[in-house]
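In: What would the 3D arrangement of this be:
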Amino acid sequence: MNIKKALWVAAACTLATIAGCTNGQGPNTVAGTLRVTNSSQSNLTVIQGTEFHPLAPNAQIELPINSRGVTVARSSGNADKIVRAAPADRNILFVPDQNLGAWVMERTGRKMDLWQGNCYVHVEFTARSINRIREQYPNAPVVAHPECTYAVRMLADEVCSTEKMVTFCRESPAREIIVVTEAGLLHRLGKEIPNKTFIPGPTDNCFCGECRFMKMNTLEKAYDALLNMEPEITLPEPLRRRAEIPIRRMLELSK
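Out: Residues are numbered from 1 along each chain as shown. As a prediction, the model looks like this:
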């Protein structure tokens, strides 16, 4: 991939589900690195998160992109803030979800190059399936996650990040709300807002928008991890210090 000037923006769902956001093929289908080549005749800068990498003419750099090597993971809730903070004279490569990137472009007006990946759960929702559920519940507003396709986002009454979906559902006067995202959120909504009815957005095949990667995390695994304080991940201190820099910058930009 040849990039003249790029801002590396990792707009992941979460660390638990980033593997499911890479063309929906799972954690081991994406190469561990993305090779960026400076094909111009001048010195350029590649930015990963907010960490700068100088790149001389014809030089290459390899950046970690898989689920075990992501240096900075952003959420849909702060992606637009990060993009707005990017220098105006730099091109932006937005990864790994093209639908989230397109939504951020709509919100910010900032043109970006979009990595051709997606969340396999959110692209299962279609305009046809959402129109069908709206016919069944004509008075229920639709709130959708920005990783849904453009056609679905256009049909929604509100498009927002997971946390803001909870806020929307809590503050909406509607007693019934159609929720178009990973099905696990409906459990939380039912617990936190028990006086409302939450209708799962259907796909063309079923009411089954569950992420198999997120479901790998179980109560039993969480219990064992807390009980035994393992598995433990130990990083070499120089690597830990380097990885900490873009994370802290991301948090600053997200305020």
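In: A strand includes residue 100, no?
Out: No: Residue 100: not assigned to a strand; according to DSSP: H, G, I helix; E, B strand; the rest coil it is helix.
In: Go through stretch 129-141 and flag the buried ones.
Out: If you call a residue buried by 16 or more other Cβ atoms under 10 Å, then stretch 129-141 has these buried ones: 129, 130, 133, 134, 140, 141. For the C-beta atoms, the positions are set from N, CA and C on the backbone; glycine is no exception.
In: Apologies, that question was intended for stretch 243-255.
Out: 243, 246, 249, 250, 253.
In: Including pLDDT, secondary structure and distance to residue 192, could the residues you listed go into TSV?
Out: Shown next, in TSV, are the buried residues of stretch 243-255 (pLDDT from 0 to 100; DSSP: H, G, I helix; E, B strand; the rest coil; distance: Cβ to Cβ, whole Å):
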residue	pLDDT	secondary structure	distance to residue 192
243	78	helix	33
246	75	helix	32
249	77	helix	32
250	77	helix	27
253	77	helix	29
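In: Just the element for residue 242, please.
Out: In the assignment (DSSP states H and E), residue 242 maps to helix 237-253.
In: Show me what that helix is packed up against.
Out: Contact here means 3 or more Cβ pairs under 8 Å, 6 or more residues apart in numbering; DSSP states H and E; on that basis helix 237-253 packs against strand 51-55, helix 79-85.
In: any residues touching the last one, and which ones?
Out: Contact partners of helix 79-85, identified using Cβ atoms under 8 Å, 6 or more residues apart in numbering, comprise 9, 11, 74, 92, 94, 100-101, 104, 107-108, 110, 112, 250, 253-254.
In: Put the alpha carbons of that helix into CSV.
Out: This file holds the C-alpha atoms of helix 79-85, laid out as CSV (Å, rounded to 0.1, in the frame of the first residue of the first chain):
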residue,chain,number,x,y,z
ALA,A,79,-13.5,8.5,16.5
ASP,A,80,-14.9,11.8,15.2
LYS,A,81,-12.9,13.7,17.9
ILE,A,82,-9.7,12.0,16.8
VAL,A,83,-10.4,12.8,13.2
ARG,A,84,-11.2,16.5,14.0
ALA,A,85,-7.9,16.7,15.8
